[in-house]
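Trainee: Here is a sequence together with a model predicted from it:
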Amino acid sequence: MEIQEVILFYNGLGIPTRQILDSRGAIPLKTAGDGKVSIQEMAEYSQKWHSGTSRSRTTETSDGLEAIQAQLNNLGREIKKVDEKVYATQVGCENAKDPITPKIAHSKKKRKP
């Protein structure tokens, strides 16, 4: 395949396909042999993608996303527990201060007269 044929083929592609093909180096800047190899690799990948091979990858990706979602859900529950403990501690501290403060203020008032 001569470089002109590679360029002709390349120019006939849609922009998204050109971008995919150029992701490993711009085709117009390659030699005819390197351009042909890149086109062949893209064609093989495309065939695998549209065959059953891609379905197993999609399932693996879906399973991976489900696992990540489960981890996020667990983290959310753990954060909620920590928030509840912090709130309980804050309320406990506030309740501990309130009964003492009036007693101190009240006892000072009794001593002054």
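Mentor: Noted; the coordinates are in hand.

Trainee: can we go C-alpha only for contacts and neighbour counts from here?
Mentor: Fine.

Trainee: tally of neighbours for Thr89?
Mentor: When neighbours are counted by other Cα atoms under 10 Å, Thr89 registers 12.

Trainee: Numbering from 43 from now on, please.
Mentor: With the count now opening at 43, the last piece we talked about shows up as Thr131.

Trainee: how deep is the closest residue in space to Pro70 that isn't next to it in sequence tucked in, by neighbour count?
Mentor: Leaving aside its chain neighbours, Pro70 sits nearest to Ile49 (6.3 Å; criterion: Cα to Cα, 6 or more residues apart in numbering). By the measure other Cα under 10 Å, the count of residues near Ile49 is 16.

Trainee: which residues does Gln111 contact?
Mentor: Neighbouring residues of Gln111 by Cα atoms under 8 Å, 6 or more residues apart in numbering: there are none.

Trainee: Quick check: which element contains it?
Mentor: Gln111 is part of helix 94-153 when elements are defined by DSSP states H and E.

Trainee: What lies in contact with the helix or strand hosting Thr59?
Mentor: Take DSSP H and E as the rule and Thr59 turns out to sit in helix 57-64. Helix 57-64 has contacts (Cα under 8 Å, 6+ apart) with Tyr52, Ile69, Ser80, Ile81, Met84.
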